[in-house]
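Student: whatever this is, show me its structure:
(2 chains)
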Amino acid sequence: MSETRRRDPRKEWIARNRLHPRHLEALTELGRRAGQGAVSAWLGPHGLMRKNPRAVGFMGPNGVKRIDRSGVQQGAGGGGATKSIAQSKPLVEIASPAFLVAVVPDMPGGRLSQHDRDLLGLARRLADAAPDARGAVLAVVFGGYARQGEGELKEHGFGEAGVDRLLTLDDTRYDGVAPEARRGALLAVDDAWAPRHWLLPDSKLGGADLGRRLAVRLGERPATGVWQVMAAPDAPLGWQCTARGAAATLDIQRPLPRITLALEECAEPADDERHAAQALSLPQALPSPISRIEDLGQVAVDPAGVALAEAEFILSAGNGVTDWEGFHVAAETLGATEGASRVAVDDGFMSRDRQVGATGTWVTARVYVAVGISGAIQHLQGIQSCDKVVAINMDPGCDMIKRADLAVIGDSAEVLGALMARVKQQREEKRDAA
Amino acid sequence: MQPETDIDASLEITVLVSVGRHPITGRARRADQDARAVELARGVSGAEVRLLHAGGQAAESEAALRDYLGMGFDALTLVEQPEGADVLGALAEAFDASPAQLVIGGERAEQGEGSGLLPYLLAERLGWPVVSGLAAVEGVEDGVATLLQALPRGQRRRLRVRLPAIVTVDGAAPAPRQSAYGPARRGHLNAVVGSVTRDEEWVSWATQPARKRPKRLKVVKAASARDRFKAAAAKAEGGGGQVLTEVSAEEGAEAILALLKAEGVLR
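Tutor: Numbers count the residues shown, from 1 in each chain, chains lettered A, B, ... in the order given. Next up is the predicted model:
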């Protein structure tokens, strides 16, 4: 085999000639792609780098040549760019950590909330304080979302959020409100690994309750409502914290104790590195505790009575809805809180307090179904913090379709009718089975 | 031995009340959550409600405590404690002396540390279960209470707990009734001397009026100017959403139903 690089001038000529019938063929043989133009730099026959300055850049959407010097878009289309950035974060593995920082996120709906991410950011700060003796962040996650009717565990970004070790406890005994069983599991974690810090969210979703139970059982005096943590070499654990006290009217400065219940925005979420999120399991099985609190399940509440700002599931109507009776029936069948766009409110079909958007209510729903809403920018602002957006619309080019996670192009009355029929059918099947 | 029916006939509820602080004027008042706890206890049928407070007997706090008396009580037991004392021991002694079946309190105090730990510490000390964030007490039968717990997003969950137990109320509990002036003046504050434990740790901490928390800035961590520009001029983009065009209404409904089920919002 010869080491000499051989050129095929005829093939190069065909590759330069876009009108040649074998142009595409020649391009693929030379390892270039169609539509990308010529290669701007290549190794010449004598080992010299040759450059073609005219081939740099790409044609923009308006026919103007654009040059992207970030290096992101070279060799790939625009779509894959963000993905490659996420994957290009350096992977950090902490094989033998100096200590552990345990975090118990709330995981509403099976995902890390913003509060949880802030908490993991704080945990990373505590763990990475000494570069030569880094600690590891252990996340204790209670699974079983599918059984509780909250869907399954959907979070896959534990590593990006800064988790080194992940302990998933999936057992029926932790389902629903089971603070005593959960505390038992955390005590077992404390026995097994003795984390230096325990961090829990001071939130109504369960973290506040669980953290206080754990602290009382461990005999520690926790810091509650912590919103700031600073390094303090003379403190027992090397940290000083500022906590809210007296119904958020007092700032208490105290050394950081072992158990911390932190507020939202207590630290910046970690996003520079990718961590291993290595799965752990408890060394021994837990004895099933006798729970004195029995959970009888969630109670059906009237969705119309739930404030729009805190509703979990919203069915929202806009200008595209013509069958208003059918819309109200659909909201009732699905058990959704009703919302509306400004047009629907102005036209008198819905009351003013149901308006979603910049001039109405900023909603935080987990699922937002927009029926016949084209998606004005003011409306899209109002649904910024919704997890999943479903759009039912006739116009495939509207802004709401771009925002939506699932869009169905079709007549809203028909789609809602079919959806209601299916929900009713499933409920009946369930009733028959039970 | 007493027959069991006598015990069940009247349920003894003790409400832990504290002196609150008005968020704007800073004056002593009845604490909002404790007043809700009193209202909740008043709503339980066939219950004998007692008020218990551990703290000082200054003129200002007396006025606040009398506001609880104005909600329809003749007397309030006051376990005397100096300023800055840890009231846990004194309260536990009070419960040892006169047991209650259900203890209701607010979630956290409006003065002092306000950590919300007291119900948990007291429950641990007495060996009772503790339930937080109640919206209602639905009923008590045969020493088992059925409770309605308030969850975020306006949801409710029904729990059953064996008495004796300690429960705390949520902001979703019924709003407290107005305090009547006459009964408030006529009621008695029965002072009892309790053992005193100093809270040494609390004294060593520095406190100051709450500072406004800095607003989080949206910092874009971007490697290049192009990324920063894109982040600054971000418009709603197709974030990999699934678009179903030219499908029948049934197929569309099927896809939506699958998403609703995966998210678990259908009940």
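
Student: Three-state assignment for residue A:125, please.
Tutor: helix (DSSP: H, G, I helix; E, B strand; the rest coil).

Student: which helix or strand contains the residue nearest to it when sequence neighbours are not counted?
Tutor: Leaving aside its chain neighbours, residue A:125 sits nearest to residue A:267 (5.6 Å; criterion: C-beta to C-beta, 6 or more residues apart in numbering or on different chains). For every residue, glycine as well, the C-beta is placed using N, CA and C. For residue A:267, there is no enclosing helix or strand under DSSP states H and E.

Student: neighbours of residue A:267, how many?
Tutor: Close neighbours of residue A:267, defined as other C-beta atoms under 10 Å in any protein chain shown, add up to 21.

Student: show me what contacts it?
Tutor: Contact analysis of residue A:267 by C-beta atoms under 8 Å, 6 or more residues apart in numbering or on different chains lists A:118-119, A:121-122, A:124-125, A:229.

Student: can you give me the helices in the stretch 201-350 of chain A?
Tutor: A:207-218, A:324-334, A:342-346 (DSSP state H, counting those that start in this stretch).

Student: quick one: mean pLDDT for the shortest one?
Tutor: It refers to helix A:342-346. Mean per-residue pLDDT for helix A:342-346: 92.

Student: just the buried residues of it, please?
Tutor: For helix A:342-346, the neighbour count (16 or more other C-beta atoms under 10 Å in any protein chain shown) marks A:342-345 as buried.

Student: repeat that for stretch B:138-145.
Tutor: B:138, B:140, B:145.

Student: quick one: is the helix or strand hosting the first one near chain A?
Tutor: Translated: residue B:138. Under the criterion of DSSP H and E, residue B:138 resides in strand B:130-141. Yes - Strand B:130-141 is in contact with chain A by C-beta under 8 Å from any C-beta of the partner chain, via B:130-133.

Student: following element in sequence after that strand, please.
Tutor: Later in the chain than strand B:130-141, the nearest helix or strand by DSSP H and E is strand B:144-150.

Student: wait, which of the helices of the stretch 201-350 of chain A is closest to residue B:51?
Tutor: For residue B:51, the closest of these is helix A:207-218, at 24.1 Å, according to C-beta to C-beta.

Student: grab the nearest non-local neighbour of residue A:68.
Tutor: Nearest non-adjacent residue to residue A:68 (C-beta to C-beta, 6+ apart): residue B:226, at 6.1 Å.

Student: also residue B:185?
Tutor: Closest to residue B:185 by C-beta to C-beta, 6+ apart is residue B:66, at 7.0 Å.

Student: what does whichever strand or helix holds residue A:12 contact?
Tutor: If you go by DSSP H and E, residue A:12 is part of helix A:9-16. Applying C-beta under 8 Å, 6+ apart, the contact partners of helix A:9-16 are A:20, A:22-23, A:25-27, A:29-30, A:32, A:38.

Student: again, but for stretch A:400-408
Tutor: A:370, A:373-375, A:379-380, A:383, A:388-393, A:395-396, A:409, A:415, B:236-239, B:241-244, B:247, B:252-253, B:255-256, B:259.

Student: mind listing what's buried in it?
Tutor: A:400-408.

Student: re earlier: identify whichever of the helices of the stretch 201-350 of chain A lies nearest to chain B.
Tutor: Ranking these by proximity to chain B (C-beta to the nearest C-beta) places helix A:207-218 first, at 4.5 Å.

Student: where do the helices sit along the stretch 151-267 of chain B?
Tutor: In the stretch 151-267 of chain B, the segments counted as helices under DSSP H, counting those that start in this stretch are B:181-186, B:200-204, B:225-232, B:249-263.

Student: of these, which shows the lowest average pLDDT?
Tutor: helix B:225-232 (a mean of 76).

Student: buried residues of that one, list them for me.
Tutor: The neighbour-count check on helix B:225-232 (16+ other C-beta under 10 Å) flags B:226-227, B:230 as buried.

Student: closest to residue B:86 out of those?
Tutor: For the buried residues of helix B:225-232, the closest approach to residue B:86 (C-beta to C-beta) belongs to residue B:227, at 54.0 Å.

Student: so that closest one touches residue B:220, yeah?
Tutor: Yes - between residue B:227 and residue B:220 a contact is recorded at 7.4 Å, counting by C-beta atoms under 8 Å.

Student: name the next helix or strand downstream of the lowest-mean-pLDDT helix or strand in chain A, please.
Tutor: Least confident helix or strand, chain A: helix A:81-87 with a mean of 48, by mean pLDDT, DSSP states H and E. The element immediately downstream of helix A:81-87 (helix or strand, assigned by DSSP H and E) is strand A:91-92.

Student: would you turn the contacts of helix A:9-16 into JSON lines with secondary structure and distance to residue A:274?
Tutor: Shown next, in JSON lines, are those (DSSP: H, G, I helix; E, B strand; the rest coil; distance: C-beta to C-beta, whole Å):
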{"residue": "A:20", "secondary structure": "coil", "distance to residue A:274": "46"}
{"residue": "A:22", "secondary structure": "coil", "distance to residue A:274": "44"}
{"residue": "A:23", "secondary structure": "helix", "distance to residue A:274": "41"}
{"residue": "A:25", "secondary structure": "helix", "distance to residue A:274": "40"}
{"residue": "A:26", "secondary structure": "helix", "distance to residue A:274": "40"}
{"residue": "A:27", "secondary structure": "helix", "distance to residue A:274": "36"}
{"residue": "A:29", "secondary structure": "helix", "distance to residue A:274": "37"}
{"residue": "A:30", "secondary structure": "coil", "distance to residue A:274": "36"}
{"residue": "A:32", "secondary structure": "coil", "distance to residue A:274": "32"}
{"residue": "A:38", "secondary structure": "coil", "distance to residue A:274": "36"}
